[in-house]
Structures are given as C-alpha cells and as structure tokens.
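Engineer: Need a 3D model of the following:
(one chain, ligands or ions: 3)
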Amino acid sequence: MLDKNKVDYSLYLVTDSTMLPPGTTLESQVEVALQNGVTLVQLREKETDTKVFIEQALKVQKLCHKFQVPLIINDRVDVALAIDADGVHVGQDDMPIKMVRQLLGPDKIIGWSVGHEHEVEQLAAMGPGGVDYVGLGMVYPTLTKKNPKKAPMGPRGVSKLLDKLQSTKAEWCRTVAIGGLHPDNIPRVLYQVASSDGKRTLDGISVVSDIMASPDAGNAAQTLRALIDDARFQYAEGLSPFTKEYSFEFARKCVQQTTEVSPLVQHITNKVHQNFGANITLALGSSPIMSEVEPEFEELSQVPHATLLLNTGTVAPFSTLLHAMRVYNAARRPIVFDPVGYSATSTRLELNNQLLAYGQFACIKGNVGEILSLADLNKGKMRGVDAGSVGSDISLCVEATKIVAYRYRTVAVCTGQQDVIVDGTCGGTFRLSEGSAGGASALPAVIVEAGEIPVMGKITASGCSLGSTIACLVGSISDKQHLFHAVVTAVCLYKSAGKIASERCHGSGSFQVELIDALDQLFTENHPENWVANVSRI
Ligand SMILES: Cc1nc(C(=O)O)sc1CCOP(=O)(O)O
Ligand SMILES: C=C1C=NC(C(F)(F)F)=NC1=N
Ligand SMILES: [Mg+2]
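Structural biologist: Ligands and ions are numbered 1, 2, ... in the order given. Now for the predicted structure:
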C-alpha cells in the first residue's frame with residue numbers, strides 16, 4: 001500500500017502524448033524515464049477520449065508498479081477510481097478538492113495547481129485532509145499548457161508561495177515547481193527558491209516537454225536527475241561555504257591575482273559610465289570591453305577570467321541583456337548586476353525583475369533606495385524620506401541587504417556612507433525539502449566605511465564604477481578563494497581611493513581624475529593594511 005508521506009517528489013514527470021517524437025510512444029517515453037530517475041508520474045492527456053485514456057492509464061500503471069513509482073491521474077477522478085491509481089491532480093477549474101477527497105478517501109494523493117497566494121490560503125484552510133502537494137507555476141513561459149490563465153512567476157514568485165505556505169502553517173503540503181523547466185534553468189530555480197525564513201525549499205521539479213518531447217527521454221531524465229542530485233549550482237568561482245574572515249592577506253592576493261590575470265570585463269552599461277568605467281578598469285590592471293554586439297558575447301565569455309558587468313541604466317534592448325546573462329551563466333563566469341533606478345519607473349522595475357528571474361548574479365550592487373526596493377522594504381519607510389537619511393538607519397540597510405542577498409543567492413552590496421555587504425550565496429549549494437541555511441538574518445555580513453565622502457555623490461558614475469571595480473576583482477579569483485571576500489576587497493579598495501581622492505581634489509571635476517589616480521596607486525602599491533576604509537563584521 002502506498003505510504004503518502006514517503007512519496008519522492010524530486011523528479012515528477014507529467015505526460016503529454018501530443019508532443020511525442022517519431023518512433024516513440026507514451027509508454028516507451030514513460031518507461032525509459034522511469035529507468036533514468038523519474039520518481040513520480042502524472043498521466044495528463046487533455047485531448048484523449050475516456051476509453052483510450054483508460055487503456056493508456058492501465059499501461060502506464062503497470063510500468064509505474066514495476067518501478068514502485070506512484071501514478072497520479074490528471075483531472076479524471078473517475079478514471080483514477082476505476083484503475084485504483086495512487087492519486088489525482090486537479091487544477092483550479094476542476095473538481096473541488098473536498099469532493100475529490102470524499103471520492104478518493106484519506107490514503108490517496110491529491111495534488112492541486114497553485115499560482116496565487118489566495119489559493120494557498122484555501123488549501124491551508126482545508127487542513128492536512130485536503131491537498132497533499134501543490135504544483136507551483138508556471139515558473140517560465142511554456143507552450144505545453146494551452147490557454148494559460150496565469151503569467152510566468154519566476155523563482156521569486158515561487159518563493160513567495162513558499163512563504164505563504166509557511167505563514168499559513170500548511171507544513172504537511174509538499175511542493176513541486178512546474179512550467180518551462182529545463183536543464184538551463186533548473187539549477188537556478190532549485191538554488192534560488194526558498195521561503196524567507198529558510199525553513200522550506202522545493203520538494204521537486206516537474207517537467208512535461210523536457211522529457212516527453214525528447215527523442216532521447218532516457219538521457220533527458222538522466223540529465224535532470226543529475227542536476228537535482230548534484231545539489232550545487234556553480235555559476236562562478238569562489239563559491240565555497242563561508243569559512244574564514246576577510247583579511248588583508250586575502251585582499252593582497254586578490255589584488256595581485258587581478259594584476260596577473262588582467263580579467264576581461266565586459267561592460268553593458270549606460271553611456272555616461274562607459275568611458276569612466278573603462279578607465280577605472282584599466283587602472284585596476286584589467287581589460288575593459290564595452291560590447292553590446294550579441295554575436296560576440298559567446299566568444300567573449302570564453303576568454304579566461306571574463307566577467308560581465310550589467311548596469312541597467314543602459315539603453316541596450318532587453319534581449320541583449322538576457323543573451324549576455326545566459327551566455328555568462330552558461331560559461332560559469334560571474335555577472336555583477338547594477339539595477340540602476342530599480343523601481344524608479346514601472347518600466348525599469350519590470351526590466352530589472354525580468355533579468356532577476358532569468359539570470360543568476362555573483363553580485364548585486366545598489367544604492368540604499370535600490371536595495372530597499374529590491375527587498376520590498378521601500379513601502380512606507382521610504383515615502384517622503386530621501387535615501388540618504390534612511391542610509392543613516394544602518395540597521396534597516398543591513399536588513400534589506402540581507403534579504404536581497406538571500407532572495408537572489410548573491411553577494412549583495414548596499415552603497416552609502418557605510419557600505420553593507422552580505423554573502424547570500426550559501427556556498428552555491430541547495431537542498432531539496434530541507435530548507436536553506438537559516439534564512440536571511442543568519443547570513444555573513446560586513447560594513448565598510450571611511451567616513452564622509454560628500455563629493456562621491458557629486459560625480460556621475462561613481463556608483464557604476466564601483467561595479468567595474470567589483471567585476472575586476474571578482475573576475476580574477478579562483479575557486480579556492482571566496483567570492484564574498486573578493487567583493488569586500490573591491491568595496492574597501494574603492495572607498496579608500498574615494499577618500500584619498502576627496503582630500504586631494506579641488507572639486508568634483510578633479511575628483512574624477514584623483515579617483516582614478518588613487519585607485520591606480522593603491523592597486524599598484526597593493527598594501528591593503530594601509531587602506532583607509534575599514535571592514536567590520538556585523
Ligand atoms: C501542466 C502544466 N501546468 C502548469 C501550471 O503552471 O500549472 S505549466 C504546465 C506545463 C509544463 O510543461 P513544460 O514542462 O513542457 O513547460
Ligand atoms: C497543471 C498542473 C500543475 N502542476 C502539476 C504538478 F506539477 F504535477 F503538480 N501538474 C499539473 N497538471
Ligand atoms: Mg487541470
């Protein structure tokens with residue numbers, strides 16, 4: 001007899017006979033998928049007559065029994081009863097859950113399609129006797145589901161639904177993500193999706209076309225199995241679990257390595273920053289390229305130590321930014337993200353949220369306003385209050401930066417008089433069904449400060465050029481070192497140079513020149529123990 005509490009949701013195949021490649025059948029695809037790691041099967045055939053559907057169901061049921069994998073029937077409760085399937089999956093427009101439970105009894109599995117928070121509230125109200133698991137989606141656009149009534153929600157949307165499951169105390173309910181999931185985005189979804197309290201992560205991934213439409217469904221299943229079991233998403237060097245403290249020794253090695261490898265830093269950034277960013281990059285012994293020519297992105301990302309700086313103050317089309325992200329993520333090279341004006345306009349908000357849904361960033365850097373918005377903390381707290389004075393409420397900045405770091409699994413930097421840096425990468429690891437490293441508040445964090453530098457806010461691209469500095473140092477580390485410390489080194493170097501330049505300059509014009517000179521000098525001398533900015537752990 002099936003034990004409902006022992007179901008393995010990790011790789012959940014949902015069938016669809018309308019996309020079978022030539023020479024394959026529904027049964028052959030399901031069998032080879034079961035042989036290669038699928039742990040749960042749902043028969044979902046929307047255009048099949050009942051007689052054929054039952055014949056298919058009996059054949060698939062025999063296969064599932066052979067592999068001791070439960071069989072779920074989509075929508076058709078009558079067929080599930082007729083063949084004594086292990087459960088049913090119903091959508092929002094199908095038979096109500098209470099009625100399905102009445103027909104199936106307490107021991108069968110009932111799954112529900114969920115895309116909104118109010119649906120989570122409903123399932124929580126039904127209690128453990130109602131829904132056993134939910135399909136959260138769709139995560140990304142998909143052609144498989146005809147006339148979808150929901151918009152793609154991205155990993156952020158799935159995490160919000162996990163939060164809702166937590167806040168409504170529906171701890172019995174298991175979760176799978178579904179919709180447009182494929183090897184190129186599954187590691188990122190598994191890595192990023194978690195409840196903000198860190199107590200809940202996904203129980204599995206559900207796919208239709210990645211397996212059903214594959215001419216080699218066995219290989220497709222095997223690939224997915226390996227990604228899920230790997231439990232690591234190595235999208236950049238230096239993703240080791242947090243161990244030692246930041247040190248001058250680390251900083252010195254990081255600077256020296258940047259000099260040695262001279263990383264290529266591709267800037268896709270706003271026109272104002274381009275020239276200054278290129279000069280900063282050169283002063284840091286690295287080689288800038290300001291390319292927005294999509295066909296060459298692939299080649300650039302293959303250059304050793306290539307790094308991408310994505311600054312959305314740019315006018316480059318969304319598709320160009322998306323392509324650059326995909327290429328650098330695929331090349332496992334770091335991307336530094338500067339979501340300029342994150343929520344200043346709805347256009348920018350949408351653009352930046354789309355990029356956050358489609359890419360994994362090694363570092364996200366923003367000013368107080370941008371970080372508070374990214375953490376959804378700008379409501380109320382920011383209205384009528386300028387970023388600067390909020391900056392003086394350092395605890396709010398720390399809280400927001402931790403939320404951003406945790407939510408996007410990145411090293412988050414919040415710039416202000418005191419720069420806050422938080423390591424949300426969790427060592428590049430994820431764990432199904434086990435929660436994730438204790439939530440945002442537990443993350444390692446430092447503050448870098450060098451006192452007031454008022455002139456810093458009076459030049460263009462001072463923030464953007466911190467992005468260039470971070471990209472240079474992050475681009476040169478090897479996987480023996482630590483991404484977080486490389487970012488701390490960059491922020492410390494930049495702030496120290498800013499402080500020196502502000503004392504040497506005669507106004508904002510000469511400040512820019514003095515800043516490049518100071519960066520060049522500190523970088524060349526490479527004595528982090530003398531840098532004026534100091535790093536304190538929080
Ligand atoms: C069956 C289904 N339900 C969805 C939901 O969002 O509830 S999306 C979907 C289709 C997923 O197919 P593919 O893996 O080929 O993208
Ligand atoms: C519409 C659906 C949404 N989610 C799921 C699953 F992932 F299996 F939970 N199956 C469906 N048929
Ligand atoms: Mg349905």
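
Engineer: For the rest of this, base every contact and every neighbour count on C-alpha atoms.
Structural biologist: Fine.

Engineer: how about the residues of the stretch 201-350 of the chain near ligand 2?
Structural biologist: By the rule C-alpha under 6 Å from any ligand atom, the part of the stretch 201-350 of the chain lying against ligand 2 is residue 206.

Engineer: show me the residues around the residue in the stretch 201-350 of the chain positioned nearest to ligand 2 that make contact.
Structural biologist: Nearest residue of the stretch 201-350 of the chain to ligand 2: residue 206, at 4.8 Å (C-alpha to the nearest ligand atom). Contact analysis of residue 206 by C-alpha atoms under 8 Å, 6 or more residues apart in numbering lists 11, 12, 13, 14, 135, 176, 177, 178, 179, 181.

Engineer: Of those residues, just say which sits nearest to ligand 2.
Structural biologist: Nearest to ligand 2 among these, counting by C-alpha to the nearest ligand atom, is residue 135 at 3.2 Å.

Engineer: Give me the contacts around whichever strand or helix holds the closest one.
Structural biologist: Assigned by DSSP states H and E, residue 135 belongs to strand 133-136. Contact with strand 133-136 is made by 109-115, 158, 161, 173-178, 206, as judged by C-alpha under 8 Å, 6+ apart.

Engineer: Grab the two from those residues that are most spread out in space.
Structural biologist: Pairwise distances across these peak at 21.7 Å for 109 and 158 (criterion: C-alpha to C-alpha).

Engineer: Among these two, which residue is more densely surrounded?
Structural biologist: Per other C-alpha atoms under 10 Å, whichever of residue 109 and residue 158 has more neighbours is residue 158, with 30 against 26.

Engineer: gap between whatever helix or strand the more buried one lives in and the chain center?
Structural biologist: Secondary structure from DSSP H and E places residue 158 in helix 154-167. Put simply, helix 154-167 sits 13 Å off its chain's centre (C-alpha atoms, centre = their mean, to the nearest Å).

Engineer: neighbouring contacts of it?
Structural biologist: 115-117, 120-121, 124, 136-140, 171, 173, 177, 189, 192-197, 200-201, 357-358, 407.

Engineer: Run through the residues of the stretch 1-150 of the chain sitting next to ligand 2.
Structural biologist: Residues of the stretch 1-150 of the chain lying near ligand 2 (C-alpha under 6 Å from any ligand atom): 74, 91, 111, 113, 134, 135.

Engineer: Which of the three states applies to the closest residue to the second one other than its chain neighbours?
Structural biologist: Right, the one you point to is residue 91. Of all residues not flanking residue 91 in the chain, residue 113 sits nearest, at 4.8 Å (C-alpha to C-alpha, 6 or more residues apart in numbering). The three-state label given to residue 113 by DSSP: H, G, I helix; E, B strand; the rest coil is strand.

Engineer: Contact partners for residue 113?
Structural biologist: Listed by C-alpha under 8 Å, 6+ apart, the contact partners of residue 113 are 89, 90, 91, 92, 134, 135, 136, 137.

Engineer: Read off the pLDDT value for it.
Structural biologist: Here, the pLDDT recorded for residue 113 equals 98.

Engineer: Tell me if I'm right that residue 480 and residue 238 touch.
Structural biologist: Yes - shown here, residue 480 and residue 238 form a contact pair, counting by C-alpha atoms under 8 Å, at 6.1 Å.

Engineer: Tell me which of these two has more neighbours.
Structural biologist: Each of residue 480 and residue 238 has its neighbours counted (other C-alpha under 10 Å); residue 238 has more, 23 against 10.

Engineer: Report the separation between whatever residue of the stretch 301-450 of the chain ends up closest to ligand 1 and residue 349.
Structural biologist: Closest residue of the stretch 301-450 of the chain to ligand 1, C-alpha to the nearest ligand atom: residue 358 (15.2 Å). Separation of residue 358 from residue 349 (C-alpha to C-alpha, to the nearest Å): 14 Å.

Engineer: so where's the stretch 351-500 of the chain uncertain?
Structural biologist: Within the stretch 351-500 of the chain, the set of residues satisfying pLDDT under 70 comprises 380-392.

Engineer: how many neighbours does residue 61 have?
Structural biologist: 25.

Engineer: Tally up the residues packed near residue 294, please.
Structural biologist: The local packing of residue 294 (other C-alpha under 10 Å) involves 14 other residues.

Engineer: In contact with it, which residues are there?
Structural biologist: Residues near residue 294 by C-alpha under 8 Å, 6+ apart: 320, 323, 324.

Engineer: can you check residue 336 too?
Structural biologist: 307, 308, 309, 310, 361, 362, 363, 364, 365, 467, 470, 471.

Engineer: What of residue 284?
Structural biologist: Counting by C-alpha under 8 Å, 6+ apart, residue 284 has contacts 258, 259, 469, 472, 519, 520, 523.

Engineer: Could you look up the SS state of the first one?
Structural biologist: I take that to be residue 258. Under three-state DSSP, the three-state class of residue 258 is helix.

Engineer: neighbours of the closest residue to it other than its chain neighbours, just the number please.
Structural biologist: Once flanking residues are discounted, residue 258 sits nearest to residue 476: 5.1 Å by C-alpha to C-alpha, 6+ apart. For residue 476, the count of nearby residues is 28 (other C-alpha under 10 Å).

Engineer: State the distance from residue 476 to ligand 1.
Structural biologist: The gap separating residue 476 from ligand 1 is 37 Å, by C-alpha to the nearest ligand atom, to the nearest Å.

Engineer: So that residue is in contact with residue 263, correct?
Structural biologist: Yes - between residue 476 and residue 263 there is a contact at 5.9 Å, judged by C-alpha under 8 Å.

Engineer: Around ligand 1, pick out the residues from the protein.
Structural biologist: So far as C-alpha under 6 Å from any ligand atom goes, the chain lies against ligand 1 at 113, 137-138, 142, 144-145, 178-181, 207-209.
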